[in-house]
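K.L.:
using only what follows, build the 3D model:
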Amino acid sequence: MSSLPPSQLKAFSEAVHRLYEPVNADDFSWRVLQVVDSLLPDSALSYNQIDEKTGKASVQLMHRDPEEAWFARVPEVIHQNPSFAYCAGGGPELVVKMSDFMTLRQLERTDFYHDILKTQGVKYQISMVIPVPGSIVAVAVNRDADFTEEDRLICNLLSPHIVQAHARAEELRRLHELRRNPIPTPERLHELGITPKESEVLHWVIQGKRDEEIAQILGSSPRTVQKHVQHILTRLKVETRTAAALIAVESVLRAI
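P.N.:
Numbering: from 1, shown residues only. As a prediction, the model looks like this:
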């Protein structure tokens with residue numbers, strides 16, 4: 001199977017659109033779980049983050065509510081999850097199943113299975129990895145029955161979008177932090193190698209203004225502002241307005 005059936009295409013398109021809607025970085029994990037849940041129902045979902053240096057684990061669950069002792073046990077046995085070992089080794093695949101590395105019989109011999117999976121009625125897991133330096137981050141889809149080829153295809157198609165949306169959420173978080181500093185003036189932004197008019201546009205982009213609002217402020221047309229924004233993205237070698245604003249603010253602060 002190389003493509004989704006027509007019945008799934010609309011749902012997938014809507015899910016991806018929602019994934020890219022601006023969201024606070026702190027709320028990103030819940031947004032991802034909601035999106036995955038809309039495409040892979042009847043699953044227990046988790047958003048997992050493990051600090052590779054300290055071993056500290058953070059697990060956010062959907063459709064499960066275990067005791068506190070369960071959460072404390074996760075970092076103690078997570079290394080027995082065969083997908084964890086693969087992710088820790090920096091494997092190239094973004095979508096992996098536990099059964100890719102270990103049979104169910106082998107898995108059932110581990111403490112990870114008895115203390116973490118079995119208590120939640122889980123035998124099968126497919127994970128979508130989000131590459132984050134210094135951490136292992138993955139969205140896990142858990143079931144008591146094995147996944148279909150269509151399930152895996154959905155994960156393979158969705159995974160790159162989750163990675164990109166995560167990067168945008170992080171950019172937005174960093175930009176919010178930088179906005180605590182004075183907003184760079186157009187004159188300072190002009191030093192980035194863009195025109196005076198583009199500097200004015202970028203000044204307002206940094207403040208979160210839309211093209212229509214910027215056009216009204218500058219007495220221009222939205223189409224003209226769009227052209228300025230596109231040139232700014234090209235000049236700064238980025239793909240999004242948030243990334244352009246982030247690079248601009250960081251560059252000006254470094255020059256101070």
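K.L.:
so how far is the helix of greatest length in the chain from its chain's centroid?
P.N.:
Under DSSP state H, the helix in the chain containing the largest number of residues is helix 149-178. In terms of CA atoms, centre = their mean, to the nearest Å, the centre of helix 149-178 is found 3 Å from the chain centre.
K.L.:
over to stretch 110-127?
P.N.:
For stretch 110-127, the distance to the chain centre is 24 Å (CA atoms, centre = their mean).
K.L.:
can you pull the buried residues of it?
P.N.:
Across stretch 110-127, burial judged by 16 or more other CB atoms under 10 Å covers 110, 112-113, 115-117, 120, 122-127. In this view, the C-beta of every residue, glycine as well, is placed from N, C-alpha and C.
K.L.:
just to revisit the earlier point, helices or strands up against the helix or strand just after the longest helix of the chain?
P.N.:
Going down the chain from helix 149-178, the next helix or strand is helix 186-189, by DSSP states H and E. For helix 186-189, the packing partners by 3 or more CB pairs under 8 Å, 6 or more residues apart in numbering; DSSP states H and E come out as helix 196-205, helix 241-255.
K.L.:
closest one to Ala88 among the ones you listed?
P.N.:
Smallest distance to Ala88 across those (CB to CB): 28.9 Å, for helix 241-255.
K.L.:
relative to helix 149-178, how tilted is that closest one?
P.N.:
40 degrees (axes from the mean of the first three to the mean of the last three CA atoms, to 10 degrees).
K.L.:
residues in contact with the residue nearest the centre of the chain?
P.N.:
With distances taken as CA atoms, centre = their mean, the residue of the chain nearest its centroid is His166 (2.2 Å). His166 makes contacts with Phe28, Val32, Ile130, Val132, Val137, as judged by CB atoms under 8 Å, 6 or more residues apart in numbering.
K.L.:
out of those residues, list just those in strands.
P.N.:
Ile130, Val132, Val137 (DSSP state E).
K.L.:
may I ask which of these comes out lowest in pLDDT?
P.N.:
Across the ones in strands among the contacts of His166, the smallest pLDDT goes to Val132, namely 91.
K.L.:
and Gln125, helix, strand or coil?
P.N.:
strand (DSSP: H, G, I helix; E, B strand; the rest coil).
K.L.:
now do the contacts for it.
P.N.:
By CB under 8 Å, 6+ apart, the contact set of Gln125 is Asn81, Ser83, Lys97, Met98, Leu117, Ala140, Val141, Asn142, Arg143.
K.L.:
measure it to Arg210 for me?
P.N.:
To Arg210, Gln125 is 41 Å away according to CB to CB, to the nearest Å.
K.L.:
do the same with Asn81
P.N.:
Asn81 is 44 Å from Arg210, by CB to CB.
K.L.:
these two: which is more packed in?
P.N.:
Asn81 (26 against 13; other CB atoms under 10 Å).
K.L.:
who touches stretch 92-99?
P.N.:
So stretch 92-99 is contacted by 81-83, 86-87, 107, 124-129, 131, 146-147, 152, 155-156, 159-160, 163 (CB under 8 Å, 6+ apart).
K.L.:
returning to that earlier point: so which of the ones in strands among the contacts of His166 comes closest to Arg235?
P.N.:
Distance to Arg235 across the ones in strands among the contacts of His166 (CB to CB) is lowest for Val132, with 28.5 Å.
K.L.:
contacting residues around that closest one?
P.N.:
Counting by CB under 8 Å, 6+ apart, Val132 has contacts Gln49, His166.
K.L.:
cool, the one 4 residues further on as well?
P.N.:
Neighbour list for Ile136: Asn48, Gln49, Ile50, Glu52, Phe84, Cys87, Ala88, Val129 [criterion: CB under 8 Å, 6+ apart].
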